[in-house]
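Colleague: Below are the sequence and a predicted model for it; my questions follow.
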Amino acid sequence: MARRAGSADLPLHGGRVPRWLGERMTRLGAVMSQAIVHHYGRDELLRRLAHPFWFQSFGAVMGMDWHSSGITTSVIGALKRGLAPLEKELGVHVCGGRGRHSRETPRELGEVGERVGFDGAALAQASRLVAKVDSAAVQDGFELYLHGFIVADDGKWVVVQQGMNGALKQARRYHWLSEGLKSFVEEPHAAIDGPGQGEVVNLTDRRAAASRKGQVELLASIGPDGIARELSALEARVVRRVAVQPLLPHLVMPAHHDVRPGNLLERRLHATLAAAADRGPADFAELLMTPGVGARTVRSLAMVAEVVHGAPYRFTDPARFSLAHGGKDGHPFPVPLSVYDETIRVLKSAVEKAKLGRDEELAALKRLDDQARRLERRARGPSLDEFLAEERRLSHAYGGRTVFGHTEPEGPPAGRMPLRRRGGA
């Protein structure tokens, strides 16, 4: 049986990702994927994409709205654009997408199969089955509108697809992982992200085996017309099965846009800040020899490093990762473009050198994550409100931008001098 990873409630958001953010998400998503494959292998990248908490954190660190359904669309799109030029290097291919792009998945899988040698027709059939299960076998009120199929050269795959319930203004994300998958129709999901809706029809529950068998036998014995007659006779009786997943972690994404203290674990934030202050001067000025990298960029790199290296339990508060590069809607603060670009540059440099056997820079990033975990119990730092106030005050200096435009310069409060930044961002 495939691993189950949990569930999450996602507010349904509209709108589009602006080009200035989409291009950066493409570059950051690609280089983070390279780093994960370099350190842990291709299978681990697929496992992480099938983990709903990690997936949400991945989108948040890219600058997307930390709590919204839009993370799913934007992350799949960014990976499709960013990994396409790297498919020969990584052996990972992203097919499908939102709307009409989802319907192109079987064709794209066939083309990839011809290039790399796996059975594209079989995977196209798997794609159709996955979509049918989540739209018909699991009838939970959510209509699918996005289907992303990520497949490796060896035929292993992960599916991330999402449905919407317009009346409730909510979205549900479904995760599938081929590793350990024994059946498409009996408990196949790696995870289902979305709000609990009470009683739903879930024919993938193992307890529904008799029902599935009975439906096949009924169709064979009396045909579609006979089923219609039986249904008319039973129209006053509605049989529902409850989808019970009592042991799964449940991530609740609130409707409010701002990041509040209850949305993250402040001790982990303090540990990240302390690790950046401790490791930054040694690793990034001396080892990496990038004098333009300042303390603010090191903080973002520490959060990126955690997404690359962190254990699953560390992604229970995805909102924390929005503190790396903010959000396009201005929450928790405007996207600091100079910091974002410097983060990409440093990470790309580290990955390119690692390809040549020089792992010093990637190792320095891992030390940031290691140090944060060591400091977590004893680190102290500003409150979240103080941290966000400082980020917003300095937003203009970092090239802060939202979908509404660039932030305006803000003078320091009376009696206070602006913070001086070492080196650039």
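Modeller: Okay, I see it.

Colleague: in this structure, which spans are strands?
Modeller: If DSSP state E is used as the criterion, the strands of the chain fall at 7-11, 92-98, 138-139, 143-152, 157-165, 170-177, 191-193, 201-202, 250-252, 335-336, 400-402, 405-406.

Colleague: Flag every buried residue along the fourth one.
Modeller: Buried residues in strand 143-152, counted by 16 or more other Cβ atoms under 10 Å: 144-152. Where you see a C-beta, it was placed from the backbone N, CA and C, and this is true even at glycine.

Colleague: contacting residues for residue 385?
Modeller: Counting by Cβ atoms under 8 Å, 6 or more residues apart in numbering, residue 385 makes contact with residue 261.

Colleague: circling back to that earlier point, can you tell me which of the strands of the chain the model trusts least?
Modeller: Mean pLDDT is lowest for strand 201-202 out of these, coming in at a mean of 52.

Colleague: one step back: okay, the buried residues of strand 143-152 in a markdown table with distance to residue 19 next?
Modeller: Shown next, in a markdown table, are those (distance: Cβ to Cβ, whole Å):
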| residue | distance to residue 19 |
| --- | --- |
| 144 | 27 |
| 145 | 22 |
| 146 | 20 |
| 147 | 24 |
| 148 | 21 |
| 149 | 25 |
| 150 | 24 |
| 151 | 28 |
| 152 | 30 |
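
Colleague: helices and strands of this protein: which one has the lowest mean pLDDT?
Modeller: helix 209-233 (a mean of 48; mean pLDDT, DSSP states H and E).

Colleague: how about residue 149, what does it touch?
Modeller: Residue 149 touches 94-96, 105, 108-109, 123, 127, 130, 157-159, counting by Cβ under 8 Å, 6+ apart.

Colleague: 7 Å instead, please
Modeller: The contact partners of residue 149, by Cβ atoms under 7 Å, 6 or more residues apart in numbering, come to 95-96, 105, 109, 127, 157, 159.

Colleague: Point out where the stretch 1-150 of the chain drops to low pLDDT.
Modeller: In the predicted model of the stretch 1-150 of the chain, residues 1-9, 136-139 satisfy pLDDT under 70.

Colleague: can you rerun that using 90?
Modeller: Flagging of the stretch 1-150 of the chain using pLDDT under 90 yields the residue ranges 1-16, 51-52, 67-68, 125-126, 128-143.

Colleague: can you give me the helices in the stretch 301-425 of the chain?
Modeller: For the stretch 301-425 of the chain, helices defined by DSSP state H, counting those that start in this stretch occupy the ranges 322-325, 337-355, 360-375, 384-393.

Colleague: out of those, deepest packed?
Modeller: Among these, ranked by average contacts under mean count of other Cβ atoms under 10 Å, first place goes to helix 322-325 (a mean of 26).

Colleague: Report the distance from it to the chain centre.
Modeller: Mean C-alpha position of helix 322-325 versus that of the full chain (Cα atoms, centre = their mean, to the nearest Å) differs by 14 Å.

Colleague: pull the CA atoms of that helix into CSV?
Modeller: This file holds the C-alpha atoms of helix 322-325, laid out as CSV (Å, rounded to 0.1, in the frame of the first residue of the first chain):
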residue,chain,number,x,y,z
SER,A,322,7.3,32.3,3.8
LEU,A,323,9.7,34.3,6.0
ALA,A,324,12.5,33.5,3.5
HIS,A,325,11.1,35.4,0.5
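
Colleague: Residues contacting that helix, please?
Modeller: Contact partners of helix 322-325, identified using Cβ under 7 Å, 6+ apart, comprise 60-63, 66, 259, 269, 300, 303-304, 332, 335-336, 339-340.

Colleague: One more: stretch 69-86?
Modeller: Under the criterion Cβ under 7 Å, 6+ apart, residues 10-13, 17, 22, 25-27, 29-30, 33-34, 55-56, 58-59, 62, 64, 90, 92, 94, 97-98, 146, 148, 160, 162, 171, 173 lie in contact with stretch 69-86.
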